[in-house]
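> have a look at this fold, sequence not included:
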Ligand code: SAM
């Protein structure tokens, strides 16, 4: 399936819940209100949308949230979606807290990769940044995934005055383990503006890393369908990735759509355009008509985000970060 700018759309990110068991300062506002359960897509609704979109050319799906592993049916859902004929990869973005609980089942169904969010290696700072004293739980989850040879990427968001001093310790994870460590630039969602949180940008992070890893160079190995660009030093088992929407554009090759937990098909993380698939499903729409509604929405997919002009938008957990 192609959008009007001839970009090939093959990647769907599904937020399976807006709820989270962490309260990362830059992600969830303290006064966040969650959707009522009746508003959240059911298992069958998520499966149906995945089925229809896989027939339209989506071959890669990521489960996110909120915290996807808070949903008790998440692993079964992934297992069923993985069996759809056109689906090649299903991965999860998780905070890792429930990984030790589900890792054997995830390994058994052949999960294609885990992106685990970890902004600090300091247990005390982890508690401060997330509101939960769960660093060890996340770490055990990462180790459990590695022991089962599941591909792990660590997502790091650096905030000035908070965890920016951990660039090198976090980078060293890629030296010690076969892990890709990805630095994601802070995007200006509402809570970041109100707390005056300032992110750390690509150039600064790269300067620090290359002052220690002198031979760091572009790693062009295929790593997935996302916008990250990767670098590697000869001493590293994994790579260092950058997702830098603030300092560099990455919309030219955008291949993705997002399904929010309440069933809104969102065409871009930044823009609000899209269509409510849940209401269509609940009105008893046929698969063919659902496909037409998706194609109709796709015509509105914008060329690019405008994060740099952005005063703020609603929380990441509602959209599916
Ligand atoms: N609960 C899961 C997790 O922690 O990975 C999935 C949802 S979380 C919203 C997905 C990713 O979005 C995390 O890596 C998080 O760091 C990132 N994120 C949240 N708010 C962000 C922001 N304002 N700018 C950049 N990344 C953000």
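Yep, that arrived. What you are looking at is a predicted structure, and each value in this text was computed from that prediction instead of being measured.

> ok so residue 136 is a strand residue?
No. Counting by DSSP: H, G, I helix; E, B strand; the rest coil, residue 136 is not part of a strand but helix.

> need the nearest residue in space to it, chain neighbours excluded.
Nearest non-adjacent residue to residue 136, counting by Cβ to Cβ, 6 or more residues apart in numbering: residue 123, 6.7 Å away. C-beta coordinates here come from the backbone N, C-alpha and C atoms, glycine included.

> what about that neighbour, how many residues close to it?
Counted with other Cβ atoms under 10 Å, residues neighbouring residue 123 total 13.

> so it sits against residue 133, correct?
Yes. Applying Cβ atoms under 8 Å, one finds residue 123 in contact with residue 133, separated by 7.4 Å.

> phi, psi of the residue nearest to residue 136?
phi -60, psi -30 (degrees, to the nearest 10).

> hmm, who's touching stretch 169-181?
Here stretch 169-181 makes contact (Cβ atoms under 8 Å, 6 or more residues apart in numbering) with 118, 120-121, 142, 146, 152-154, 156, 209, 212-213, 223, 230, 233, 235-241.

> tell me who's in contact with residue 23.
Each residue near residue 23 by Cβ under 8 Å, 6+ apart is listed here: 30, 130, 131, 132.

> so who does residue 81 touch?
Contacts of residue 81 by Cβ under 8 Å, 6+ apart are 46, 47, 50, 61, 87, 90.

> Throw these into JSON lines and include neighbour count, thanks.
Converted to JSON lines, the contacts of residue 81 look like this (neighbours: other Cβ atoms under 10 Å):
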{"residue": "46", "neighbour count": "26"}
{"residue": "47", "neighbour count": "16"}
{"residue": "50", "neighbour count": "23"}
{"residue": "61", "neighbour count": "26"}
{"residue": "87", "neighbour count": "19"}
{"residue": "90", "neighbour count": "25"}
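
> max pairwise distance over those residues: which two?
The largest distance within those, taken as Cβ to Cβ, falls between 46 and 87 and amounts to 13.0 Å.

> flag every residue of the stretch 151-300 of the chain that's near the ligand.
155, 157, 184, 186, 187, 189, 192 (Cβ under 6 Å from any ligand atom).

> let's see 8 Å
Counting by Cβ under 8 Å from any ligand atom, the positions of the stretch 151-300 of the chain adjacent to the ligand are 155, 156, 157, 184, 185, 186, 187, 188, 189, 191, 192, 199.
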